[in-house]
Every structure is written in C-alpha cells, then in structure tokens.
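1. Only the shape, not the letters, is given here:
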C-alpha cells in the first residue's frame, strides 16, 4: 500500500486502530488495494470506488539498492461532486469513533477543496484534532487544521521565507500558523532532522543521525503517521509525539520499499484509541 495507505499502515503499526477513507479505481489495482487493506490487522477500509478512474500505480526502477526513477500511472483530476459527497459521508460516519483525523493528500485529486474544508470543519465541531500532510501548493483549504507537516523546502515555498536554520524554521512556521490559523507545524528537514513549532510552546529541534540513505520518499509519510494523533486526546506533551515520529522516520528512510517499521520501544505495549485517516 502506498500513498495514504502507507500512512494508515504505519499508524496501525504503532498501535492505532485506523479507518482508511480513500478512493480507488474500478480496476485490478483497486481490487488489490481492497484485499490488502482487508488483510491488515486493526486497519479497516472505507474505500470509495470511482467508476472509470484508474487506481494510481507507481513503478520504481532500482539498481544496486538505489532508486533511479519512478513511473506513475494515474488520473490526478479532481473528483466529481458525487464522489466528493460519498467521501464526506464516509468521513463524517467515522468521526464519532475517531480520536483524530489525518488528511494525507498526495495531490491525486481525491482531497478536493470541498473535502478538505468540510472534513476540518466537521472534525473541529466534534472536537477532534486534524493533522495534514499535503503535496498541494494551495494550503489555504487546510485553514484551521491542528498541524501541517511540510518538509523544509515546502515550508519555504509556502511562506516565501528561508527555512535553513532553526531560527528560519521557527519564523516561517510562525507565519504559516498565523496565515492558516494552525495549531502547529511539524517540519521534516532531511539531514538536519525534524522541528516542531506549536502555539504556546517552545520550539523543538531534533538533530539527525547520519545514516546511509537509499530512499527518502517515505520519511514524510512516516512523520505524519507516527506523529501519533491518537495521543492528542490523552493530552500527552508534543515533545514525546515528535520523538516517536522522528524515531520512525529515521528507521524507514534506509529502506527502498514501503516497509512498515516496528514501533519504537517507548511505544510498544501502549493502547491507543482509534485514529482516522483519509
């Protein structure tokens, strides 16, 4: 499973019970995704099948453990109003049992402006925090979310500010929080590590441990899923959430394929309430 499915699997691996709301095509790849979701432990699928739309398939070309290039077969056009309505009905149906909402947006057309705005509004009305990891350049639709999780390059592009030093990241994150009324920003910074800037809290900067890197494509998704959304409701400090996210990101980066890393030792054996991903 890739895309939002990868985020859901990794949150599941950390002990969260996850409901995955997403779209798939009415093709063989879509059927395979339905089967893969059904085979996961505490991962339930609420998948909306879109007639005539192909399921996104990514082909990676690898030599000696290094990814050389990737070919994507996809239709990234915006979903229709009918599919949007079905998605929102599924999301709103899952909210009562969810502790948090994770919006994993790979800019494939599923997370439309309407889906983003109504999901955040419904979650806020229900008192459920929202964590957003998006590849889209228009983040205005995520106004009012709890956390946004850009990498340093994305943070710089979104704010028009540098995001190299710790001070840069804090300033750019503060601007992004103010512009979008966010609760906080979690920034993945490649070899510089990870930073979290949260309203009313001192910024935290976690340094990176130098390791041989094969494929960084999954590290952002890990940071999103391992930020441990279910613990917002328990009131745990943001520092422990970020440490767990960082542990997970470091573990997954050296792996070429979409592996699910084991939960860090501090996570194991902890029971978590339901998390919700879309």
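-> Yep, that arrived. The structure displayed is predicted, hence computed values, not measured ones.

2. just the strands in the stretch 51-200 of the chain please.
-> 57-63, 66-73, 101-105, 130-134, 147-148, 184-188, 194-198 (DSSP state E, counting those that start in this stretch).

3. The residue in the chain sticking out farthest from the centre and residue 95, how far apart?
-> Here the chain reaches farthest from its C-alpha mean at residue 64, the gap being 29.0 Å by CA atoms, centre = their mean. Using CB to CB, to the nearest Å, residue 64 is found at 46 Å from residue 95. All C-beta atoms are positioned from the backbone trio N, CA, C, and that covers glycine.

4. repeat for residue 169
-> Here residue 169 is placed at a distance of 32 Å from residue 95 (CB to CB).

5. element containing residue 202, please.
-> In this structure, residue 202 sits in neither a helix nor a strand according to DSSP states H and E.

6. My read is that residue 149 contacts residue 130, right?
-> No. Shown here, residue 149 and residue 130 do not form a contact pair, counting by CB atoms under 8 Å, at 11.4 Å.

7. Any regions of the stretch 101-250 of the chain where pLDDT drops low?
-> In the predicted model, the stretch 101-250 of the chain carries pLDDT under 70 at residues 208-250.

8. Neighbours of residue 44, how many?
-> Neighbours of residue 44 under the rule other CB atoms under 10 Å: 17.

9. ditto for residue 201
-> 12.

10. Residue 199 now?
-> Per other CB under 10 Å, the neighbour tally for residue 199 reads 12.

11. contacting residues around it?
-> Residue 199 sits next to 177, 183, 184 when contact means CB atoms under 8 Å, 6 or more residues apart in numbering.

12. Swap in 10 Å and give it another go.
-> Counting by CB atoms under 10 Å, 6 or more residues apart in numbering, residue 199 makes contact with 174, 177, 178, 181, 182, 183, 184, 185.

13. So which of those are in helices?
-> 174, 177, 178 (DSSP state H).

14. Spatially nearest residue to residue 135 (excluding sequence neighbours)?
-> Using CB to CB, 6 or more residues apart in numbering and skipping residues adjacent in sequence, the residue nearest residue 135 is residue 107, 4.2 Å away.

15. That neighbour - how many residues pack around it?
-> Neighbourhood size, residue 107 [other CB under 10 Å]: 12.

16. Same question for residue 126.
-> Neighbours of residue 126 (other CB under 10 Å): 12.

17. got it, and the one 10 residues further on?
-> By the other CB under 10 Å criterion, the neighbourhood of residue 136 contains 17 residues.

18. ok, the closest residue to it other than its chain neighbours - contacts?
-> Leaving aside its chain neighbours, residue 136 sits nearest to residue 107 (4.8 Å; criterion: CB to CB, 6+ apart). Neighbouring residues of residue 107 by CB under 10 Å, 6+ apart: 76, 134, 135, 136, 137, 138.

19. so how far does stretch 122-130 reach from one end to the other?
-> This stretch, stretch 122-130, spans 10 Å end to end (CA to CA, to the nearest Å).

20. And it, what's buried?
-> Neighbour-count burial for stretch 122-130 flags 122, 123, 128, 129, 130 (criterion: 16 or more other CB atoms under 10 Å).

21. got it, and stretch 40-59?
-> Neighbour counts over stretch 40-59 (16+ other CB under 10 Å) mark 40, 43-50, 53, 55-57 as buried.

22. and if you look at stretch 108-122?
-> Buried residues in stretch 108-122, counted by 16+ other CB under 10 Å: 108, 109, 110, 111, 112, 114, 115, 116, 118, 119, 120, 122.
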